[in-house]
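Asks: okay, sequence plus prediction incoming.
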Amino acid sequence: MKVYFDNAATTAIDKDVLEAMLPYLQEHFGNPSTQYSFGRDTRAAVEDARKTIAQLIHAQPSEIIFTSGGTEANNMAIKGCVHYLGVQRIITSPIEHHCVEHSVDFCRDILKVETQHVKVDQNGKMDLEDLENLLKSSDKKTLVTLMHANNEIGTVLDIKKVGELCQQYKALFHSDTVQTFAHYPINVQEINVDFISASAHKFHGPKGIGFLYMRKQSKVQSHIHGGGQERGLRAGTENVYGIVGMAAAAKKAYQNLEADKAYISSIKNYFKTQLLQHCPGVDFNGDTDENSLFTVLNVSFPPNDKSALLLFMLDMEGVCCSGGSACGSGASTGSHVIRALNKDENRVSIRFSFSKFNTKEDVDFAIEKIKKVLN
């Protein structure tokens, strides 16, 4: 038996999503930029998907730009604000996903933009008073880029409050919502956000497809040059079956939003309870209350002689989990998020992340294997 507890890295594709995609992998193969019927059929599918995504977040279809995933969407928003919207300063945090962190670093090192970090507490919560102080400390055109929920520790940002601060101080606001889109309701009419990003494989859609919501008043230009696809905002032949699959996955997720949240929360809470009962000295990183990201639990294990091999040994026992972001899994430096929280470096942090396909039996299996490995 094997259990999969790394859903923050990627999720299994839903069978209904696969069924929606199959016709566009087989008979509907036309290039959507062509004028004959094969192309018109796929163009219609792309635009229907765009409308679906837009309706789910109360946006206009023209504000949805399809990308290869969250990383491209975040790069497009952050670098685009500097290139095309006159941004001279970026405010971010030390616990952003690498694609945001490295994009900001690029803007600082290559484009010579000023960068500043918002303070975070030991649970990864943003100090909004510090954010306000940073915003009012300069008249430079500013972009604030803060993720809605942290992909490693599950701490959730009050993006409505951040949006209000950005509006008050005339700053642009970008939020990486890769871990929250299709898990939480997002209404762009109710929050002052200029850009949000999402990736289909985080909510049981296909890999290699995502989108950037770009408020029409804050439009940046393409950083991929070529044809005129995506209204000239993103060159390259559209990933039609991916786009169709993402829309199908998002629509199904939003139809079952509350039920899925309740179920996945019950799995997470059961896992947490069992850990506390069977694993002495265990602790948790980030928020773990009802306001935290219900798909993620970051567990801090006490040091012992097997700590360095804990992830490897769990994998050998059939438990799939993560030491942090999947994008950093090849690195040997550890998690930059955990380091930013000033945690005990001798403890081992492992992320377990859950989906609607997990069961309590999965949890029981994992707990037995964790006990075996630790003892």
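Replies: Everything's here; your move.
Asks: does the closest residue to F5 other than its chain neighbours count as helix, strand or coil?
Replies: Leaving aside its chain neighbours, F5 sits nearest to F352 (4.4 Å; criterion: CB to CB, 6 or more residues apart in numbering). The way it works is simple: take the backbone N, C-alpha and C, and place the C-beta from them, glycine included. Under the three-state scheme (DSSP: H, G, I helix; E, B strand; the rest coil), F352 adopts strand.
Asks: how many other residues sit next to F352?
Replies: Close neighbours of F352, defined as other CB atoms under 10 Å, add up to 28.
Asks: for it, which residues are in contact?
Replies: By CB atoms under 8 Å, 6 or more residues apart in numbering, the contact set of F352 is F5, D6, F271, V296, L297, N298, V299, C321, A366.
Asks: ok, now with 6 Å
Replies: Contact analysis of F352 by CB atoms under 6 Å, 6 or more residues apart in numbering lists F5, L297, C321.
Asks: kindly report the same for T180.
Replies: H148, A149.
Asks: where do the strands sit along the protein?
Replies: Using DSSP state E, the strands of the chain run over 3-4, 64-67, 89-92, 114-117, 142-145, 172-176, 195-199, 210-214, 283-285, 296-301, 319-320, 348-353.
Asks: mean confidence for the fourth one?
Replies: Per-residue pLDDT values across strand 114-117 average out to 98.
Asks: quick revisit: run through the bridge partners of the residue nearest to F5.
Replies: Judged by DSSP bridges, the bridge partners of F352 are L297.
Asks: picking up where we left off before, need the winner for burial among the strands of the chain.
Replies: Highest mean neighbour count among those (mean count of other CB atoms under 10 Å): strand 195-199, with a mean of 29.
Asks: by contact count, what packs against it?
Replies: helix 70-84, strand 172-176, strand 210-214 (3 or more CB pairs under 6 Å, 6 or more residues apart in numbering; DSSP states H and E).
Asks: thinking again about what came up before, tabulate the strands of the chain (CSV), appending distance to I78.
Replies: Output for the strands of the chain, formatted as CSV (distance: least, CB to CB, whole Å):
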stretch, distance to I78
strand 3-4, 32
strand 64-67, 13
strand 89-92, 7
strand 114-117, 11
strand 142-145, 6
strand 172-176, 6
strand 195-199, 8
strand 210-214, 11
strand 283-285, 26
strand 296-301, 24
strand 319-320, 31
strand 348-353, 25
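Asks: so which of those comes closest to P32?
Replies: Counting by CB to CB, P32 lies closest to strand 64-67 out of those; the figure is 10.9 Å.
Asks: could you dump the closest one to CSV, C-alpha only?
Replies: Output of strand 64-67 as CSV, limited to C-alpha atoms (Å, rounded to 0.1, in the frame of the first residue of the first chain):
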residue,chain,number,x,y,z
ILE,A,64,-8.2,36.1,-17.8
ILE,A,65,-4.9,35.2,-19.5
PHE,A,66,-4.0,31.6,-19.9
THR,A,67,-0.4,30.6,-19.0
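Asks: let me know the pLDDT of the most centrally placed residue in the chain.
Replies: Note on the chain: the residue nearest the mean C-alpha position is V178, at 2.2 Å, using CA atoms, centre = their mean. V178 carries a pLDDT value of 98.
Asks: please enumerate the helices of the stretch 101-250 of the chain.
Replies: 128-135, 159-168, 240-255 (DSSP state H, counting those that start in this stretch).
Asks: just how off-centre is the worst-scoring helix or strand of the chain on mean pLDDT within its chain?
Replies: Sorting the helices and strands of the chain by mean pLDDT, DSSP states H and E puts helix 336-340 at the bottom, at a mean of 89. Distance of helix 336-340 from the chain centroid (CA atoms, centre = their mean, to the nearest Å) equals 17 Å.
Asks: give me the domain ranges for this structure.
Replies: The chain breaks down by automatic domain parsing into domains covering 3-11+257-374, 15-255.
Asks: any idea how far the first one is from the middle of the chain?
Replies: In this case it means domain 3-11+257-374. On CA atoms, centre = their mean, the centre of domain 3-11+257-374 falls 17 Å from that of its chain.
Asks: the longest one now?
Replies: Between the centre of domain 15-255 and the centre of its host chain there is 10 Å, according to CA atoms, centre = their mean.
Asks: related to what we said a few turns ago, how much space separates the residue nearest to the centre of the chain from Y184?
Replies: 12 Å (CB to CB, to the nearest Å).
Asks: what of Q277?
Replies: Distance from Q277 to Y184, by CB to CB: 30 Å.
Asks: one more: D260?
Replies: 11 Å.
Asks: which one's more surrounded, the two?
Replies: Regarding D260 and Y184, a neighbour count based on other CB under 10 Å identifies D260 as having more, with 21 against 16.
Asks: apart from its neighbours in sequence, what residue is nearest that one?
Replies: The nearest residue in space to D260 (CB to CB, 6+ apart) is K356, at 5.0 Å.
Asks: distance of the closest residue to Q60 other than its chain neighbours from R351?
Replies: Take Q60 and drop its neighbours on the chain: the residue closest to it by CB to CB, 6+ apart is A54, 6.0 Å away. Distance, A54 to R351, using CB to CB: 32 Å.
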